[in-house]
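Chemist: need a structure here:
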Amino acid sequence: MSSLSAFLSRFSIALYTLIALVAFAANSVLCRMALSTQQTPALIDPSSFTAIRLVAGALVLWLLMLLRGTKTTVSNSASRGSMFAGGLLFIYAVTFSYAYVLLDTATGALILFAAVQISMMLISYVQGQRLTLLEWIGALLAFSGFAYLVLPGVSAPSMTGLVLMAISGCAWGGYTLLGKKSVNPLFDTGYNFIRSLPLVAVMILVVWLLPQLTSAPQLTSAPQLVSIPQTTVLSAKGVLLAFLSGAIASGIGYALWYQALRGLTSTHAAVLQLTVPVIAAVGGILFLDEMISFHLGVSAGIIFVGIALVIFAKAHPVSQRNGQ
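Modeler: Numbering: from 1, shown residues only. Now for the predicted structure:
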């Protein structure tokens, strides 16, 4: 019976991990499907997508917390997230949405993933965790992959989109580090989603209502500057895609990922996330008829090798220190 229990435990962890990784990639695909500028007319604007996504995620997580709360007692002082974490979650979501107006699925996922890993590494360095030689080599490789990605050329991504997605990745990296000491990840995540809602209300006020009240001319000229729509656009399909991104890919996906982390080491978790841009790229090909350019493929290879070296160095710190 003990061997059967061990097998079922491993199987459940593998299943949770697979579903969560697909959910992460699905966020990129759903966001791009909803916000692609190639669609005429547009399905939804970035601010509306962000608002619906965060509200839907908060609602689903709140329901999960109610169900979980009937079976377990959670401390009132712990497992309630923080305003800072809620702010980072909002920054991640809003810049993620605006970036995907300008980036294709695979490019956006690659920039997001690389920014998450690099920002977490830099934050750890600032906190006193010094890098080994192999980690420095990996970090330089990853940065060089980024540099190659943004070189001028036909397939180079939008600089505005790249900056926005890099900010999104840095915010998610900080949010992830804040959750490393979580007592109850489901409740922390749920409260962080709820704490992001006041910022959603401010965004709605600024982006939806203020232009209507002031008739500010600068909002109409903004698309010519950065090619990002500022007017409110809503359609049934756009709202559905935003709801699925928030309720399923974000709410349930994050909950399953935290459940899977109980059976994964940090190294395994980091390595497994290497698959997210690949899954997102496949989703972009299947659902959006996107193509993977040679430029993106080479950049992805360089970044993946660099980050893999950093992860490998973290997994074998003793042997490297003994060699110093």
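
Chemist: can you name the element that comes right after the helix or strand harbouring Ser48?
Modeler: With the criterion set as DSSP states H and E, the secondary-structure element containing Ser48 is helix 46-69. Toward the C-terminus, helix 46-69 is succeeded by helix 83-99 as the next helix or strand (DSSP H and E).

Chemist: just the angle between that next one and helix 46-69, please?
Modeler: Going by axes from the mean of the first three to the mean of the last three C-alpha atoms, to 10 degrees, helix 83-99 is angled at 140 degrees with respect to helix 46-69.

Chemist: other SSEs contacting helix 83-99?
Modeler: helix 2-35, helix 46-69, helix 105-126, helix 159-178, helix 185-204 (3 or more C-beta pairs under 8 Å, 6 or more residues apart in numbering; DSSP states H and E). Placement of C-beta: from N, CA and C, glycine included.

Chemist: would you convert the ones you listed into TSV that also reports mean pLDDT, mean neighbour count and distance to Gly138?
Modeler: Written out in TSV, the entries for the helices and strands packed on helix 83-99 read as follows (pLDDT from 0 to 100; neighbours: other C-beta atoms under 10 Å; distance: least, C-beta to C-beta, whole Å):
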stretch	mean pLDDT	mean neighbour count	distance to Gly138
helix 2-35	87	18	22
helix 46-69	92	21	33
helix 105-126	82	22	9
helix 159-178	89	21	16
helix 185-204	91	21	28
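
Chemist: switch these over to CSV; also include distance to Leu89.
Modeler: As requested, the helices and strands packed on helix 83-99 are arranged in CSV below (distance: least, C-beta to C-beta, whole Å):
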stretch, distance to Leu89
helix 2-35, 13
helix 46-69, 8
helix 105-126, 13
helix 159-178, 6
helix 185-204, 5
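
Chemist: quick one, which of those helices gets closest to Ser250.
Modeler: The minimum distance between Ser250 and the helices and strands packed on helix 83-99 falls on helix 46-69, with 4.3 Å, by C-beta to C-beta.

Chemist: quick one: that closest one to helix 159-178, angle?
Modeler: For helix 46-69 against helix 159-178, the angle by the same axes, to 10 degrees is 20 degrees.

Chemist: quick one, phi/psi of Asn184?
Modeler: Backbone torsions of Asn184, given as degrees, to the nearest 10, read phi -140, psi 90.

Chemist: and it, how many neighbours?
Modeler: For Asn184, the tally of surrounding residues (other C-beta atoms under 10 Å) stands at 18.

Chemist: try Gln38
Modeler: What Gln38 shows, counting by other C-beta under 10 Å, is a neighbour count of 10.

Chemist: what secondary structure does it sit in?
Modeler: Under DSSP: H, G, I helix; E, B strand; the rest coil, Gln38 falls in the coil class.

Chemist: please shift the residue numbers so they start at 121 in all later answers.
Modeler: I'll keep to 121 as the first residue from here, and by that count the last item is Gln158.

Chemist: that one and Leu222, how far apart?
Modeler: Counting by C-beta to C-beta, to the nearest Å, the gap from Gln158 to Leu222 is 12 Å.
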